[in-house]
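*Asks:* when you get a sec, could you give me coordinates for this:
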Amino acid sequence: MNERELDELFGRVREETPADAGAAERFLAWHRANLAEVPGASPPLRPLPAARRAVWWPALLASAAVLTGALMVRPSPELPTSAAYDAYQGVLGEGW
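*Replies:* Numbers count the residues shown, from 1 in each chain. Model prediction:
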């Protein structure tokens, strides 16, 4: 398949057909019927207005930045010499 044929194929796929509209209507009818059958099911939630929406993610990011900064400022403890380090030093000499 060349590029022109692919463009035509994708163009046909993007066009909505009556079958697509019918499938969407059948799905929505099924979904609404399921919501009606479930006792205590609430209607779909509406988004809150911008003034009432909770803005928690900037505080979360700021807390993470402060915690990361506090951990980075603290110097790491001196690491103990390991057997591998001693082996390298013995084979390669001082200052390898």
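*Asks:* and the host helix or strand of residue 20, average pLDDT?
*Replies:* Here residue 20 sits within helix 18-37, counting by DSSP states H and E. The average pLDDT within helix 18-37 is 85.
*Asks:* roughly how far is the helix or strand following that helix from the heart of the chain?
*Replies:* Using DSSP H and E, the helix or strand that follows helix 18-37 in sequence is helix 57-73. Taking CA atoms, centre = their mean, to the nearest Å, the mean C-alpha location of helix 57-73 is offset from the chain mean by 20 Å.
*Asks:* kindly report the same for stretch 24-37.
*Replies:* 29 Å.
*Asks:* buried residues, that stretch. List them.
*Replies:* Buried positions in stretch 24-37, judged by neighbour count with 16 or more other CB atoms under 10 Å: none. C-betas here are computed from N, CA, C, even on glycine.
*Asks:* about what we covered before: output the helix holding residue 20 as CSV, nothing but the C-alphas.
*Replies:* What follows is helix 18-37, C-alpha atoms only, in CSV (Å, rounded to 0.1, in the frame of the first residue of the first chain):
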residue,chain,number,x,y,z
PRO,A,18,-25.6,6.0,9.6
ALA,A,19,-24.4,2.7,11.1
ASP,A,20,-22.1,4.6,13.5
ALA,A,21,-24.9,6.9,14.6
GLY,A,22,-27.2,3.8,15.2
ALA,A,23,-24.5,2.1,17.2
ALA,A,24,-24.0,5.1,19.4
GLU,A,25,-27.8,5.4,20.0
ARG,A,26,-28.0,1.7,20.9
PHE,A,27,-25.1,2.0,23.3
LEU,A,28,-26.6,5.1,25.0
ALA,A,29,-30.0,3.4,25.3
TRP,A,30,-28.4,0.3,26.9
HIS,A,31,-26.3,2.5,29.2
ARG,A,32,-29.3,4.6,30.3
ALA,A,33,-31.3,1.4,30.9
ASN,A,34,-28.6,0.0,33.1
LEU,A,35,-28.4,3.2,35.1
ALA,A,36,-32.2,3.0,35.6
GLU,A,37,-32.1,-0.6,36.8
